[in-house]
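[1] I'll drop the sequence and a predicted model, then ask my questions.
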Amino acid sequence: MTKEAEHAIEVQKLTKRYGDLLAVNDISFNVRKGEVFALLGPNGAGKTTTVEIIDTIRTPTSGKVSLLGMDVTKKKHDIFPRIGVLPQGFSSFDRITVRETLQYYSRLFSCMNTDIDGLIGLVNLKDKTKEQYKNLSGGLKQRLGIAIALVNDPEVVFLDEPTTGLDPRARREVWKVLLGLKKKGKTVFLTTHYMEEAELLADTVAIISKGKIIAMGSPEALIESNANYLVLTLRPVDEKALEIVRKMDFEPVYDNHKDIKVRVEHTDDVRKILTTIKNAGASLLSLDVRRPNLEEVFLKLTGEALSKDPAGEVAE
Amino acid sequence: MNLRVVGANLIVSIKSFYREKTAMFFTIAFPIILILVFGALFMNQDNMSFDLCVQDLDHTGSSAQIVKTLELDGKFKVIKIDPAINAAQYTRNNKLNLVLMIPKGYEGSFLQRMALNDPNASVVLTYLYDPSSISVFMKIQILNSVFAGINRNMSGNPPFIRLTETSALTKKYRFIELFIPGIIAMSVMTLSLFGTVNVNTELRQKGIIRKLSTTPITRTDWILSNILYQFILAVISTIAMLLVSYAVFRVRLHINAWLPLFIVLDVFAFVGIGMILTRFVKEAQSAAAAANAISFPMMFLSGSFFPLEMMPGFMRTIARMLPLYYVNEGLRASMVFDDHMAALRYSAIIGVFAAVVFILGILATKWEEGR
């Protein structure tokens, strides 16, 4: 398979400046056809600027972006029918119903055979077809936005922060829809600052910080190469156990004066900590051992926290 | 240009309009309310008639004759008051501003003057009036002039100075007939200007234009559908205004090809101005303020409501620099005076203006969201 046939998106040395602000700084990456690619980073990292250059909304300062083999700055009108876009902060016409909105966008693409009912079913809006846009909740609006991005049966779908601002339940409902897209084999370019979202949905994750891509690979590979340790979380009965762990020679990850999280290299270290606590006569209410996640990878790579995670737990 | 796309956009705009009751009200009902209010206010100027209460204490054929003379003059609708009641009390109780009292002995004095040629025979008619009333003095003036005429006729000498009134126009026009074209021009202006500015800034602020910029719809499709939408609204509004004007005021206007032409030119001119404004005003609220800043002076200075003759000279000069003036005058020329040459002249001026601002508006319209 040639490179062109293999890659839906090719980004080479892309740079975008707004006056003195360097929003995107000489980044390069490829997105394979049929994969879910997540651009993960905090607010202001350059995610939206990058995606809006690729989906033709913005023009680059320098660099080359090729989408489905076409230059995004020169072949806009050939590109439009083959992509679907959910822009950041998506909104639609207030007094137009769900069905009418989909029919409208379908007409814009001159699609004669759009399966409106199929799309409504895909985003689970069957009981809202006659509801006007203004009456939909935030999660329903985003699901409609995803359906709109699919009216022309696009080869590449761009979803710019599709779950930002949604409550955890609405967010999970959107994830279900995105998993459906993944199953259909669509190429999906996703931007998010939720590591759980990227970890759950993406085949490839590119971590972007201050306009630069600082790491890229599958979630497993990123974790393996950047956070090859285990996280032990302990909830002791009293201060005694905490003091014991603090005095041991391990790197604490997180301590909120109730739980203590410790990075350990091997399972033997877990056994060692537990034995020391037991021998000192201290007790534990609970313990948990898990692999690190992308949040910790981001923390390690940038020294900064990424975000508040979807479950509402503060990631450190 | 893709007509399917233009049609889709038009359908969405019309559905949104139909479902937005406030917009419906301001588009259709507001100009109609203006016509009804101004029409009612100025209707009396066209056919002024006052109520006049008369207490005939003489109750004779001669006194009845003078009451009849007043009625035949056409300026008064006479209401007769029972001679037995106290006129002053009656005036206060019924909040009347004027009662004309014909005294007992009127016929005797009248016959003495006419039959016996007694120059000293005279009669005193009394105006019992409310001095706080504004309109009562106009009534008294009219009555004075009627009685002066009667006195003159009774003297038998023809007047030395005679007056005659001749209209320079071939027919008499009513205020409401001159007012309707101005209101049509003004309504189409506000619809087109505010419609363009509000819709474009709102859609841009909400990010809908950003989404649309990733679809095959082009700037030309968008502008064309907006123009068509504004034209449809203008036609609906104009038809509603004309129907009410015909039904309520029985106006006589010439409806011909000039009317749709002036509506089209009005729409193009003010959609063009709206598109230029949208380029420079980012927020919906400031957009509305900017549209107001343009439309309000235009409404009051271009002669939509008031004749230019009421304005000082320098303001008349300003009025002639405003595009709405040419729509007002063009519509009046065609609808009221049936003057095709004048309509052609005004349409040429507003046509050139509309073409220029519309082209500038197209150039100013930024379709792609970001650069």
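    Yep, it's here.

[2] nearest spatial neighbour of the residue of the stretch 1-150 of chain B found nearest chain A, skipping sequence neighbours?
    In the stretch 1-150 of chain B, the residue that lies nearest chain A is residue B:8 (3.6 Å; Cβ to the nearest Cβ). Quick note: C-beta positions are derived from backbone N, CA and C, even for glycine. Spatial nearest neighbour of residue B:8, excluding adjacent residues (Cβ to Cβ, 6 or more residues apart in numbering or on different chains): residue A:107 at 3.6 Å.

[3] Run a quick neighbour tally on that neighbour.
    23 (other Cβ atoms under 10 Å in any protein chain shown).

[4] Following element in sequence after whichever strand or helix holds it, please.
    For residue A:107, the host element (DSSP states H and E) is helix A:98-108. Once the chain leaves helix A:98-108, the next helix or strand it forms, by DSSP H and E, is helix A:116-122.

[5] what about the closest residue in space to residue A:47 that isn't next to it in sequence, is that helix, strand or coil?
    Nearest residue to residue A:47, sequence neighbours excluded (Cβ to Cβ, 6+ apart): residue A:191, at 4.0 Å. Here residue A:191 is recorded as strand under DSSP: H, G, I helix; E, B strand; the rest coil.

[6] ditto for residue A:31
    Of the three states, residue A:31 takes strand according to three-state DSSP.

[7] Phi and psi next, for the nearest residue to it once chain neighbours are set aside.
    Spatial nearest neighbour of residue A:31, chain neighbours left out: residue A:9 (3.9 Å); criterion: Cβ to Cβ, 6+ apart. For residue A:9, the backbone dihedrals are phi -130, psi 130 (criterion: degrees, to the nearest 10).

[8] how about residue A:9, what does it touch?
    Applying Cβ atoms under 8 Å, 6 or more residues apart in numbering or on different chains, we find residue A:9 in contact with A:30-31, A:37, A:54, A:65-67, A:156, A:187, A:189.

[9] and with 10 Å instead?
    By Cβ atoms under 10 Å, 6 or more residues apart in numbering or on different chains, residue A:9 lies in contact with A:29-33, A:37, A:54-55, A:65-68, A:72, A:156, A:158, A:187, A:189.

[10] What does the pLDDT read for the residue of the stretch 1-150 of chain B closest to chain A?
    Note on residue B:8: pLDDT of 93.

[11] now the angle from the helix or strand hosting it to helix A:98-108?
    Using DSSP H and E, residue B:8 sits within helix B:3-19. Here helix B:3-19 runs at an angle of 150 degrees relative to helix A:98-108 (axes from the mean of the first three to the mean of the last three Cα atoms, to 10 degrees).

[12] Can you name the next helix or strand after helix B:3-19?
    The first helix or strand that comes after helix B:3-19 along the chain, using DSSP H and E, is helix B:21-24.

[13] My read is that residue A:120 contacts residue A:128, right?
    Yes: in this structure, residue A:120 is within contact of residue A:128 by Cβ atoms under 10 Å, at 8.2 Å.

[14] So which residues on the stretch 151-300 of chain A come close to chain B?
    For the stretch 151-300 of chain A, the residues found near chain B under the criterion Cβ under 10 Å from any Cβ of the partner chain are A:151-152, A:158.

[15] Could you list the low-pLDDT ranges of the stretch 1-150 of chain A?
    A:1-5 (pLDDT under 70).

[16] What is the neighbour count of residue 236?
    Using chain A here. Neighbours of residue A:236 (other Cβ under 10 Å): 21.

[17] The intended chain is chain B.
    Applying other Cβ under 10 Å, we find 15 other residues in the vicinity of residue B:236.

[18] what does residue B:148 give?
    Residue B:148 - counted by other Cβ under 10 Å - has 11 other residues nearby.

[19] which residues does the residue nearest to residue B:359 when sequence neighbours are not counted contact?
    Nearest-residue entry for residue B:359: residue B:272, 7.6 Å, with adjacent residues in sequence omitted and distances by Cβ to Cβ, 6+ apart. Contact analysis of residue B:272 by Cβ under 10 Å, 6+ apart lists B:192-193, B:196, B:223, B:227, B:323, B:353-362, B:364.

[20] Give me the buried subset of the residues you listed.
    Among the contacts of residue B:272, those classed as buried by 16 or more other Cβ atoms under 10 Å in any protein chain shown are B:192-193, B:196, B:223, B:227, B:323, B:353-354, B:357-358, B:361.

[21] As a markdown table, the residues you listed with secondary structure and pLDDT would be great.
    Formatted as a markdown table, the buried ones among the contacts of residue B:272 follow (DSSP: H, G, I helix; E, B strand; the rest coil; pLDDT from 0 to 100):
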| residue | secondary structure | pLDDT |
| --- | --- | --- |
| B:192 | helix | 94 |
| B:193 | helix | 93 |
| B:196 | helix | 91 |
| B:223 | helix | 90 |
| B:227 | helix | 93 |
| B:323 | helix | 94 |
| B:353 | helix | 96 |
| B:354 | helix | 96 |
| B:357 | helix | 94 |
| B:358 | helix | 93 |
| B:361 | helix | 91 |
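
[22] what mean pLDDT does the helix or strand that contains residue A:188 have?
    Residue A:188 belongs to strand A:187-192 when elements are defined using DSSP H and E. For strand A:187-192, mean pLDDT is 93.

[23] quick one: buried residues of it?
    Across strand A:187-192, burial judged by 16+ other Cβ under 10 Å covers A:187-192.

[24] Please enumerate the strands of the stretch 101-250 of chain A.
    A:156-160, A:187-192, A:204-209, A:212-217, A:230-236 (DSSP state E, counting those that start in this stretch).

[25] weakest of those strands by average pLDDT?
    strand A:230-236 (a mean of 84).

[26] List the strands paired with that one, with their directions.
    Using DSSP bridges, strand A:230-236 pairs in its sheet with strand A:260-264 (antiparallel), strand A:284-290 (antiparallel).

[27] I'd assumed residue B:87 was in contact with residue B:96.
    Yes: the criterion here is Cβ under 10 Å, and residue B:96 meets it with residue B:87 at 9.3 Å.

[28] Please name every helix or strand in contact with the lowest-mean-pLDDT helix or strand in chain B.
    Lowest by mean pLDDT, DSSP states H and E among the helices and strands of chain B is helix B:30-46, with a mean of 79. Using 3 or more Cβ pairs under 10 Å, 6 or more residues apart in numbering or on different chains; DSSP states H and E, the elements in contact with helix B:30-46 are helix B:175-206, helix B:219-249.

[29] Get me the contact residues on chain B for chain A.
    Close to chain A, as judged by Cβ under 10 Å from any Cβ, chain B has residues B:2, B:4-9, B:11-13, B:15-20, B:23, B:202-203, B:205-208, B:210-218, B:221, B:368-371.

[30] Turn the buried ones among those residues into a named PyMOL selection, would you?
    A single PyMOL command suffices to select whichever of the residues of chain B next to chain A are buried according to 16+ other Cβ under 10 Å:
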select buried, chain B and resi 2+5+6+8+9+11+12+13+15+16+17+19+23+202+203+206+207+208+210+211+212+213+214+215+216+217+218+221+369
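
[31] give me the residue from chain A nearest chain B.
    Closest point on chain A to chain B, by Cβ to the nearest Cβ, is residue A:107, at 3.6 Å.

[32] where are the low-confidence patches of the stretch 1-150 of chain B?
    For the stretch 1-150 of chain B (pLDDT under 70), the answer is B:43-49, B:134.

[33] Mind jotting down where the strands sit in it?
    Using DSSP E, counting those that start in this stretch, strands in the stretch 1-150 of chain B cover B:50-56, B:76-81, B:98-102, B:126-129.

[34] What pairs with the third one, parallel or antiparallel?
    As defined by DSSP bridges, the strand partners of strand B:98-102 come to strand B:50-56 (parallel), strand B:126-129 (antiparallel).
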